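> Next comes the sequence, and after it the predicted model I'd like to discuss.
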Amino acid sequence: MAGDTLLLLALAIAAAAALYASVGHGGASAYIALMALFGMAPDEIRPIALALNILVAGLGAIRFIVAGRFSWDVFWPFAATAVPAAFFAARIPAPDAVFRVLLALALAAAALRYLLWPQIDAIKPARAPSKFVALASGAALGALAGLTGIGGVVFLSPLLVFCGWADPQRATGIAALFIVVNSAAGLAGRFSSLALVPHFAAWFALAAMAGALAGTALSLARFDKSAILRALGAVLAIAAAALALQS
C-alpha cells in the first residue's frame, strides 16, 4: 500500500476509533468499511477489524472500569448467554432483506432519539434487570448479532439505556467489556487468519490506539450523559446505514 494511502486510511481509522471508543464501542464495522473502501482484500480485512475492535474496546473497558463506569451485576448475565447464542446463530442462513430493513429502521429510530432528545434517557433512574431478564436478553442480542453479522453491542447499548438498566455512563464500560469478550471469541475462531495480516497493519493498530485514547479521554472529561447519548446516536445511525446496505 502506498505511503499516502496508508496515512489516509490510518487517520480515518483513528477518527472512527475516537468516536466509537467515546461510547464504549470498538468500531469493527467502521474499520471494515474503510479498509474495503481503500481496496484491501477481504481475507485481510476481517482479522484486522477484529483485532482493532479488541484493542479499542479493551482500552475503553480499562479506562471506564477504573473510572467507575461499569456494573458487573449487569454485565455478566448478558455476556454469559450472548456469546454462545451468537456462535450458534451465525450458523443459521442469513435472514431475508425485510428482517434486515426492520432492524435498520429500529436502529435508525434509536439514533434519532439520542441525537435529538438525549435528555429523555439521560435523566432516567437506572436499576439492574433481574437475572432471568438479563440472561434472556443476552441470548436474544447474541442471536441478533449472529444472524445479522453486526456486533451485539450495537443493540446492547441502547437497550440498557432505554430500559433503565444502566445509565449512559455505566453503559459505556459494560459495552466495552462486552465487545472484548465477544470479539476475542470471534478472533479465536479465526486465529489462523492472522497469518494473512500485512505488516503495515501495525500502523492501523497505533492509529486505533491513539483514537481510542482520545475518545475515552474526551468522554470521561467532557461528556455528560446527554453528550454520550448523542455520540451513541451517531454510532447507531452508522450501524443502521450499514445494515440497510446489506439488505
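Received it, and whenever you're ready, just let me know what you need. This one's a predicted model, so the numbers in the text were calculated from it and none came from an experiment.

> what's the helix or strand for residue 203?
helix 201-222 (DSSP states H and E).

> In that helix, which residues are buried?
By neighbour count on 16 or more other CB atoms under 10 Å, the buried set for helix 201-222 is 201, 204-205, 207-216, 218-220. The way it works is simple: take the backbone N, C-alpha and C, and place the C-beta from them, glycine included.

> where's the dip in pLDDT among those?
Checked by pLDDT, these have residue 201 as the lowest-scoring entry (91).

> ok, now how distant is that one from residue 142?
Distance, residue 201 to residue 142, by CB to CB, to the nearest Å: 28 Å.

> Just the CA trace of the least confident helix or strand in the chain by mean pLDDT, in CSV.
Least confident helix or strand, the chain: helix 168-189 with a mean of 86, by mean pLDDT, DSSP states H and E. Provided in CSV are the C-alpha atoms of helix 168-189 (Å, rounded to 0.1, in the frame of the first residue of the first chain):
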residue,chain,number,x,y,z
PRO,A,168,-25.4,6.1,29.8
GLN,A,169,-22.0,6.4,31.5
ARG,A,170,-22.0,2.9,33.0
ALA,A,171,-23.4,1.6,29.8
THR,A,172,-20.1,2.6,28.1
GLY,A,173,-18.0,0.4,30.4
ILE,A,174,-20.4,-2.5,30.1
ALA,A,175,-20.5,-2.2,26.3
ALA,A,176,-16.7,-2.1,26.1
LEU,A,177,-16.1,-5.3,28.1
PHE,A,178,-18.9,-7.0,26.2
ILE,A,179,-17.1,-6.3,22.9
VAL,A,180,-13.8,-7.6,24.2
VAL,A,181,-15.4,-10.9,25.3
ASN,A,182,-17.3,-11.3,22.0
SER,A,183,-14.6,-10.2,19.7
ALA,A,184,-12.0,-12.3,21.4
ALA,A,185,-14.2,-15.4,20.8
GLY,A,186,-14.6,-14.4,17.2
LEU,A,187,-10.9,-13.9,16.7
ALA,A,188,-10.1,-17.2,18.4
GLY,A,189,-12.2,-18.9,15.8
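
> What residues of that helix count as buried?
Here helix 168-189 shows 168-184, 186-187 as buried, counting by 16+ other CB under 10 Å.

> How about stretch 117-130?
118, 121, 122, 126, 128, 129.

> So the fifth one: helix, strand or coil?
Reducing the assignment to helix, strand or coil with DSSP: H, G, I helix; E, B strand; the rest coil, the entry for residue 128 is coil.

> my guess is it contacts residue 165, does it?
Yes. Assessed by CB atoms under 8 Å, residue 128 is found in contact with residue 165 at 6.0 Å.

> and for these two, which residues touch both?
Counting by CB atoms under 8 Å, 6 or more residues apart in numbering, the residues touching both residue 128 and residue 165 are 74, 134.
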